[in-house]
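> I would like to see how this sequence folds:
(one chain, ligands or ions: 2)
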Amino acid sequence: MADNNFVDDGEFIYVDKDIIDGDDGYIYNETYIEGDYDDYYYEEPLISLFDVVKEYDKGTVKALNGINLDIFEGEFVSIIGPSGSGKSTLLNMLGALDTPTRGKIYIDGIDLIKEKDLSEFRQEKIGFVFQLHNLIPNLSVIDNVQIPLLPTGMSNKEMKERASEIITAVGLEDKKKQRPNKLSGGQRQRVAIARALVNNPSIILADEPTGSLDSKTGELILGLLMEMHERYNVTLIIVTHDNDVAALAERTIKIKDGQITEDKYNY
Ligand SMILES: Nc1ncnc2c1ncn2[C@@H]1O[C@H](COP(=O)(O)OP(=O)(O)OP(=O)(O)O)[C@@H](O)[C@H]1O
Ligand SMILES: [Mg+2]
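Residues are numbered from 1 along each chain as shown. Ligands and ions are numbered 1, 2, ... in the order given. I've put the predicted structure just below:
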């Protein structure tokens, strides 16, 4: 399969892809990139989408209409587009929270459509930061942050230590025992980020993480996410309405009517 793509400096190059469907049900997706270089080098996308379509209401609504996309490990990608263009739907697909009507999605070698039990995949690989952060009101901050660790078989002590460490990292050490309804919106968002990061995910999916916040708190939240990306090479994918936020990412994907209309690197 041949495809065209952009490299870091925005130069147009030719990409030749070999997709090998292994006996084990895993996919091996090899991309050979030919640039100004004499020889080929090799990078395997962390996330690959092929012709992904998501329809609602018996096909009358096409939330996603043929998405083809490769995202590489350690990238910081922003997704921007008008309201109703399919951004959240796309993010839900990437987090295996929803399945496409048609098309294929591979993440870290896993075929998300074939895989029967995706809960383990989500727990191990993905950190979700959504605007409605779904904190549990009658649990303390530390207990909320520990939730993703419960199925891992860690001891109580290990879980408390890990959760405390990450709560300190987001600057809420003094709020550990507090309940979420006693916190400000920005503080709750930080709890949600701590919870998303507690299990060291390799991918963070953030849907409008700064949407409801004042600009100063928004900057702080973004700073936290970007630090995780820079420090731990976490693949960071942020949906936003805000062009300034989008421009902070290394790569910006524009979506309109369920289709990618632009995919560019910001340097
Ligand atoms: N469960 C659903 N049932 C029917 N239609 C849906 C459903 N979820 C989303 N849609 C429709 O799919 C389209 C894409 O929705 P989506 O939530 O992905 O948009 P968005 O880009 O995230 O918008 P916003 O910026 O407003 O959050 C919209 O037209 C929406 O009305
Ligand atoms: Mg949305």
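> tell me, how many neighbours does the closest residue to Val170 other than its chain neighbours end up with?
Leaving aside its sequence neighbours, Val170 sits nearest to Arg190 (Cβ to Cβ, 6 or more residues apart in numbering; 4.3 Å). Heads up, the C-betas are built off the backbone N, CA and C, glycines and all. Around Arg190 there are 24 other residues, counting by other Cβ atoms under 10 Å.
> Is it correct that Arg190 falls within a helix?
Yes: applying DSSP: H, G, I helix; E, B strand; the rest coil, one finds Arg190 inside a helix.
> how about low-confidence regions in the stretch 51-200 of the chain?
131-133 (pLDDT under 70).
> switch the cut-off to 80
The stretch 51-200 of the chain contains residues with pLDDT under 80 at 130-134.
> can you list the residues of it near ligand 1?
Contact residues, the stretch 51-200 of the chain versus ligand 1 (Cβ under 6 Å from any ligand atom): 56-57, 61, 63, 81, 83-89.
> and the residue nearest to Val170, what is it in contact with?
170-172, 220-221, 224 (Cβ atoms under 8 Å, 6 or more residues apart in numbering).
> per-residue confidence for the closest residue to ligand 1 within the stretch 151-267 of the chain?
Closest approach of the stretch 151-267 of the chain to ligand 1 (Cβ to the nearest ligand atom) occurs at His241, with a separation of 6.3 Å. You'll see His241 listed with a pLDDT of 87.
> okay, now it: neighbour count?
14.
> what's the answer for the one 10 residues further on, then?
Counted with other Cβ under 10 Å, the neighbours of Arg251 add up to 20.
> which strands and helices sit next to the helix or strand where Glu55 lies?
Element membership for Glu55 (DSSP states H and E) is strand 47-56. If you count contacts as 3 or more Cβ pairs under 8 Å, 6 or more residues apart in numbering; DSSP states H and E, strand 47-56 packs onto strand 61-71, helix 87-94, strand 102-107.
> Give me the residues contacting the longest one.
Outside of strand 61-71, the residues that reach it under the criterion Cβ under 8 Å, 6+ apart are 3, 5, 31, 45-56, 77, 86, 89-90, 93, 100, 103, 235, 237, 253, 257-260, 263.
> Using ChimeraX, define a selection of the buried residues within those residues.
Filtering the contacts of strand 61-71 down to the buried ones (16 or more other Cβ atoms under 10 Å) takes a single ChimeraX command:
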select :31,45,46,47,48,49,50,52,53,54,55,77,86,89,90,93,100,103,235,237,253,258,259,260,263
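> returning to what we had before: I'd guessed the residue of the stretch 151-267 of the chain closest to ligand 1 sits against Thr210; true?
No: counting by Cβ atoms under 8 Å, His241 does not reach Thr210; the two are 9.5 Å apart.
> Which residue comes closest to Glu250 once chain neighbours are left out?
Nearest to Glu250 is Phe76, by Cβ to Cβ, 6+ apart, at 4.8 Å.
> typo on my end, Asp108
Closest to Asp108 by Cβ to Cβ, 6+ apart is Leu46, at 5.9 Å.
> State the distance from the one you found to Pro180.
32 Å (Cβ to Cβ, to the nearest Å).
> do the same with Pro151
For Pro151 relative to Pro180 (Cβ to Cβ), the value is 22 Å.
> Lys216 now?
21 Å.
> Of the two, which one has the most company?
Pro180 (20 against 9).
> Any idea how many residues pack against the spatially closest residue to Gln259 that is not a sequence neighbour?
Spatial nearest neighbour of Gln259, chain neighbours left out: Asn65 (5.2 Å); criterion: Cβ to Cβ, 6+ apart. Neighbourhood size, Asn65 [other Cβ under 10 Å]: 17.
> can you list the domains in this protein?
The chain breaks down into these domains under automatic domain parsing: 6-43, 74-98+115-265.
> Would you tell me which one of these is buried the most?
domain 74-98+115-265 (a mean of 18; mean count of other Cβ atoms under 10 Å).
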